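Based on what follows, work out the 3D shape:
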Amino acid sequence: MNNVSSAAPAGPRRRDNPVVVVGGGVIGLCTAYYLAAEGVPVEIVERRSIGSGASWGNAGWVCLSHSAPVPSPGVIGYAARSLGRPDSPLYLRPRPDGQFLAWLWRFWRSSSPHRFRDGYQAVADLNRPTFQLFEEMAEAGIETTLHRPGMVHAFLTAGAAGHHLDIQRQMAAGRYEVPEEPVVGPSAHACDPALSPAVKAAYLVEGEGVVDPAAFVRALHAALGQAGVKVHENVEVTGFAGSSGPVEAVLTSQGEIACSGVVVAAGMRSVNLLGAMGLRLPLQAGKGYSFTVDLDPAPLHCLYFGERRVVASPMGGATRIAGTMELSGNNNRLDWRRIVAIARASRRYLGPWFDEPDDLMSLIRDPWVGGRPFLPDGLPVIDRVPGRENAYVASGHGMLGVTLGPATGRRLTEYVLTGRRPQALTPFRFDRLTS
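Below you'll find the model as predicted:
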């Protein structure tokens, strides 16, 4: 890992006090890892156990080809058609909540073609060194579990495959390789042994990767312990000392932690934490679902089921099937109908791996729902907290937490150490949310 400049950070701080990272998911752990690697004393505070939030049950993709913001042309119409349909890949349940309605309005404004292109460009630029950063972690002894089997995009019709490939080619813009044409016809399902003959078109994007997110989090946790980083689990952050200016201490359910700085990387919890600093962060939970199943044959690649927007990941000898975006409030209530919907959608591409929905109870493991934090423009906020010269925030990564975790941690560490915002973080400023 290349060292960043160790110039003094902006504002006074006690260098013998730690930077406190609030949040023990992938984003918080990666940030703590890079800070510690630069010799900064670090402590982590997590209100539950490490990696217990949205980091735990996701599909584990580390990829370039699926790193676009969720607000995109046509997505609002798609969401409108999902009203009252809990089996829809994008499920919107309206609520009489002014903040939620305002969020939806801003989401709609962000779905224009030019805003989508700008957002995708911003994520792509931040994402550029991702695979290199994972390689460097592995060289440092962290068992990232990353392997790069590539991603097969599978479709039930040739038309859908061609349309999706055309869009993806435009988005790739030379950043990654895509094939000239999809494989069409009876041989399409041979692109991966798990695909059924119902798949009529498919194509492979080579080099895309997958990790076991829980194992990756455990490995980061262990590495941080070896580096002397103190981790406080099952500890709630209740506020911050200092009514304005630098944060002097982090207030917790088990006492006060004097700090030289603070990084808020607590997913949906970041709303309340920044609220304690007098700031509003317009996050909504985009609930995703997953489960694990043993398939025979199991997929060899990451799989994307195009028409249904469901994914499958080879993971530890098993298969994790995941999908859906549910906007139904900031909660982690598991709606079993969503699990059934994902399973049914996958059955069209994987063949009849179950007969009736009642069979799922005995076939699947670890059914999971997680509230992935989304800002209305689909981009994270990675910036210094306005008015708090030694406080930073990294939240709102949505479905891209695993992919963007190392890049976020690396760039944010550079910001903390130098006091200068890296160019790659310019699109993720806090003030864009108030303009």
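
And for stretch 183-191, what's in contact with it?
The contact list for stretch 183-191, computed with C-beta atoms under 8 Å, 6 or more residues apart in numbering, reads 152, 154, 158, 161, 182, 195-204, 301. (Each C-beta comes from the backbone N, C-alpha and C, glycine too.)

out of these, which is most surrounded?
Using other C-beta atoms under 10 Å as the neighbour criterion, residue 154 leads the contacts of stretch 183-191 with 33 neighbours.

quick one: contacts for that one?
The contact partners of residue 154, by C-beta under 8 Å, 6+ apart, come to 188-189, 191-192, 195, 199, 201-202, 303-306, 349.

give me the element it is part of.
For residue 154, the host element (DSSP states H and E) is strand 151-155.

In PDB, list the C-alpha atoms belonging to that strand.
Output in PDB follows, covering the C-alpha atoms of strand 151-155 (Å, rounded to 0.1, in the frame of the first residue of the first chain):
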ATOM      1  CA  MET A 151     -20.400 -12.600 -14.300                       C
ATOM      2  CA  VAL A 152     -22.900 -14.300 -16.600                       C
ATOM      3  CA  HIS A 153     -25.900 -12.200 -17.500                       C
ATOM      4  CA  ALA A 154     -28.800 -14.600 -18.300                       C
ATOM      5  CA  PHE A 155     -32.100 -13.700 -20.100                       C
END
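
Report the buried residues of the helix or strand following that strand.
Moving toward the C-terminus from strand 151-155, the next helix or strand (DSSP H and E) is helix 158-172. Residues of helix 158-172 classed as buried by neighbour count (16 or more other C-beta atoms under 10 Å): 158, 160, 161, 162, 164, 165, 168, 171.

Report the separation between the closest residue to residue 34 other than its chain neighbours and residue 347.
Leaving aside its sequence neighbours, residue 34 sits nearest to residue 413 (C-beta to C-beta, 6 or more residues apart in numbering; 3.9 Å). According to C-beta to C-beta, to the nearest Å, residue 413 stands 44 Å off from residue 347.

Could you tell me how far the closest residue to residue 74 other than its chain neighbours is located from residue 181?
Computed as C-beta to C-beta, 6+ apart, the closest residue to residue 74 that is not its neighbour in sequence is residue 111, at 7.6 Å. Distance, residue 111 to residue 181, using C-beta to C-beta: 29 Å.

and the longest helix for the protein?
Ranked by number of residues, the top helix in the chain under DSSP state H is helix 401-418.

and that one, which residues are buried?
Using 16+ other C-beta under 10 Å as the test for burial, helix 401-418 gives 401-418.

picking that back up, list the strands paired with the strand holding residue 154, with their directions.
Paired with strand 151-155 in the same sheet, following DSSP bridges, are strand 201-205 (antiparallel), strand 302-305 (parallel).

helix or strand right after the last one?
Downstream of strand 302-305, the first helix or strand assigned by DSSP H and E is strand 310-315.

could I get stretch 232-239 in CSV with only the CA atoms?
Output in CSV follows, covering the C-alpha atoms of stretch 232-239 (Å, rounded to 0.1, in the frame of the first residue of the first chain):
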residue,chain,number,x,y,z
HIS,A,232,-16.3,-1.8,21.2
GLU,A,233,-19.1,-4.2,20.3
ASN,A,234,-22.7,-3.9,21.6
VAL,A,235,-22.0,-0.2,22.6
GLU,A,236,-24.4,2.5,21.5
VAL,A,237,-23.2,6.0,20.5
THR,A,238,-25.5,8.5,22.2
GLY,A,239,-23.9,11.8,21.1
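
Off-centre distance for it?
Mean-position distance between stretch 232-239 and its chain equals 22 Å (C-alpha atoms, centre = their mean, to the nearest Å).

Go ahead and name everything in contact with it.
By C-beta under 8 Å, 6+ apart, the residues outside stretch 232-239 that reach it are 22, 24, 43-50, 250-254, 257, 266, 273, 276.

Pull out the buried members of the residues you listed.
With burial judged by 16+ other C-beta under 10 Å, the buried subset of those is 22, 24, 43-47, 50, 250, 252, 257, 266, 273.

Need the residues you listed in JSON lines (columns: secondary structure and distance to residue 37).
What follows is those, written out as JSON lines (DSSP: H, G, I helix; E, B strand; the rest coil; distance: C-beta to C-beta, whole Å):
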{"residue": "22", "secondary structure": "strand", "distance to residue 37": "20"}
{"residue": "24", "secondary structure": "coil", "distance to residue 37": "18"}
{"residue": "43", "secondary structure": "strand", "distance to residue 37": "15"}
{"residue": "44", "secondary structure": "strand", "distance to residue 37": "15"}
{"residue": "45", "secondary structure": "strand", "distance to residue 37": "20"}
{"residue": "46", "secondary structure": "strand", "distance to residue 37": "20"}
{"residue": "47", "secondary structure": "coil", "distance to residue 37": "25"}
{"residue": "50", "secondary structure": "coil", "distance to residue 37": "18"}
{"residue": "250", "secondary structure": "strand", "distance to residue 37": "22"}
{"residue": "252", "secondary structure": "strand", "distance to residue 37": "25"}
{"residue": "257", "secondary structure": "strand", "distance to residue 37": "21"}
{"residue": "266", "secondary structure": "coil", "distance to residue 37": "22"}
{"residue": "273", "secondary structure": "helix", "distance to residue 37": "25"}
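
export those residues to CSV and tack on distance to residue 358?
Formatted as CSV, these follow (distance: C-beta to C-beta, whole Å):
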residue, distance to residue 358
22, 42
24, 37
43, 47
44, 42
45, 43
46, 37
47, 36
50, 35
250, 48
252, 45
257, 50
266, 38
273, 42
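
So, low pLDDT: which residues of the chain?
Along the chain, the model assigns pLDDT under 70 to residues 1-15, 54, 78-80, 82-84, 94, 435.

Swap in 50 and give it another go.
In the predicted model, the chain carries pLDDT under 50 at residues 1-13.

thinking again about what came up before, in contact with the residue nearest to residue 34, which residues are there?
4, 31, 34, 35, 37, 38, 40.

Out of those residues, grab the one that's most surrounded.
Neighbour max across these (other C-beta under 10 Å) = residue 31, 29 neighbours.

Does that one lie in a helix or a strand, and which?
In the assignment (DSSP H and E), residue 31 maps to helix 26-37.

Could you check the angle that helix makes with helix 401-418?
Computed by axes from the mean of the first three to the mean of the last three C-alpha atoms, to 10 degrees, the angle separating helix 26-37 from helix 401-418 equals 40 degrees.
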